[in-house]
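J.: need a structure here:
(chains A and B)
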Amino acid sequence: MPSIMADDPILRNAVSIGVATAVYAVSFGVLSVGAGFSVAQTCVMSLVCFTGASQLTFVSVIGAGGGVAGALPPAALLAGRNALYALSLKGVLSGTVRTRALRAQFVVDETTAMAHAQSTVAATRRAFDLTALCLFTAWNIGTLVGAVAGRGLGNPRDYGLDAVFPAVFLALLAPQLRGPDAMRAAIAGVLIALALVPIAPAGVPIIASAVGAVPVLVAAGRRRSRIAPAQAPEAGR
Amino acid sequence: MSWWTVLALCASAYALKVIGLVVGERLDRETSERWSLEIVVVPVLAALIVVQAFSTGQRFVFDARTPALLVAAVLVWRRAPFVVIALAAAATAALLRLVA
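T.: Numbering: from 1, shown residues only, chains lettered A, B, ... in the order given. Below is the predicted model of the structure:
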């Protein structure tokens, strides 16, 4: 196994993401059972809902006595960015209706970042699928362990795991920052998010940051229609 | 806890993923060759990094995650392997918390 992984950076990266995610899944399992969900309900959430930040928020609010009406809006806001990710992944999520419907379930932070960090279409698809596989396995096994074993497994923060996710996303974003357009969009996204963190509910700063791509999209659209008004060339990666 | 609660969360999460996919395909057909929607993910990931690293709820927090992200940034710049970046970030934050 180590020798296969040494030659396959996509697999290696997908497995590393899975390992870090598994620890978070354990804490989700613990929290969920603590909030009053059964082990079966906790596992169904991870299998069917499969979007970490949303699930953690949902069970935390319910655990704190917020009820479904209080828990669903923040959870949906956090899951809202998956809609943006799916929008950006249209080329990756191609295939029959059934395959697309299945792949849609795996559109989350990690799979999207891994897919977009690749430079060919084949690698992009493979990165999405392998990350989806590792993440789904890790998230669900971790959830079961946490839900059954309960407390006493320690806090993921003690192992510095909360710091792993920003670091990993930075590593995955870096190769996408080729050219001034991407750089501008990234800076705009950061500024929008920072401005909204103190005033907007969780999830909103991240979704709203997508607006940072609008000037770049408009400028690119204008540029292309100026070059070839009749038939614009294929957009390059 | 009611199963309806679980169902509500699952249905909304999947609906959002599918909405993005359907809208993406529609937009793609209309504007097809003009815009590359992939760029949308760049500001969103950039925002995700700063929100995860520098905030807790609605407050800005500069704790062990900050130096961990700096270490990661240097390693990304030096083109270190992915696993090294992830482990170095975790180790930095864990050690700082152990000392504190």
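
J.: roughly how far does the residue of chain B found nearest chain A sit from A:Ala115?
T.: Ranked by CB to the nearest CB, the top residue of chain B for proximity to chain A is B:Pro43, at 2.4 Å. Backbone N, C-alpha and C define where each C-beta goes, glycine included. Going from B:Pro43 to A:Ala115 by CB to CB, to the nearest Å gives 17 Å.

J.: quick one: A:Val148 and chain B, what's the gap?
T.: 17 Å (CB to the nearest CB, to the nearest Å).

J.: can you check A:Ile206 too?
T.: Distance from A:Ile206 to chain B, by CB to the nearest CB: 5 Å.

J.: centre of the chain to the helix or strand containing that residue, how far?
T.: Using DSSP states H and E, A:Ile206 maps to helix A:204-208. A distance of 13 Å separates the centroid of the chain from that of helix A:204-208, by CA atoms, centre = their mean, to the nearest Å.

J.: and the closest residue to A:Pro156 other than its chain neighbours, how many neighbours?
T.: Once flanking residues are discounted, A:Pro156 sits nearest to A:Val23: 5.0 Å by CB to CB, 6 or more residues apart in numbering or on different chains. Look at A:Val23: counted by other CB atoms under 10 Å in any protein chain shown, it has 20 neighbours.

J.: and A:Val23, what's its pLDDT?
T.: We note a pLDDT of 82 for A:Val23 in this prediction.

J.: my guess is it contacts A:Ile141, does it?
T.: No - assessed by CB atoms under 8 Å, A:Val23 is found out of contact with A:Ile141, at 11.1 Å.

J.: just want the most central residue of chain A.
T.: Nearest to the mean C-alpha position of chain A, counting by CA atoms, centre = their mean, stands A:Asp109 at 1.1 Å.

J.: let me fix that: chain B
T.: Closest-to-mean residue, chain B, CA atoms, centre = their mean: B:Leu48 / 4.1 Å.

J.: buried residues in stretch B:59-79?
T.: B:63-69, B:71-73, B:75-76 (16 or more other CB atoms under 10 Å in any protein chain shown).

J.: ok and the residue in chain A nearest chain B?
T.: Closest point on chain A to chain B, by CB to the nearest CB, is A:Gly189, at 2.4 Å.

J.: just after the worst-scoring helix or strand of chain A on mean pLDDT, pick out the following helix or strand.
T.: Lowest by mean pLDDT, DSSP states H and E among the helices and strands of chain A is helix A:2-6, with a mean of 63. Next along the chain after helix A:2-6, taking DSSP H and E as the criterion, comes helix A:9-34.

J.: tell me the secondary structure at A:Phe37.
T.: coil (DSSP: H, G, I helix; E, B strand; the rest coil).

J.: quick check: it touching B:Val6?
T.: Yes - contact criterion CB under 8 Å: A:Phe37 and B:Val6 qualify, at 7.3 Å.

J.: out of these two, which sits in the more crowded spot?
T.: Ranked by neighbour count (other CB under 10 Å), A:Phe37 and B:Val6 place A:Phe37 first, with 25 against 22.

J.: for that one, give me its contacts.
T.: Shown in contact with A:Phe37 (CB atoms under 8 Å, 6 or more residues apart in numbering or on different chains): A:45, A:59, A:62, B:1, B:6.

J.: for the third one, helix, strand, or coil?
T.: The reference is to A:Ile62. A:Ile62 - assigned by three-state DSSP - is helix.
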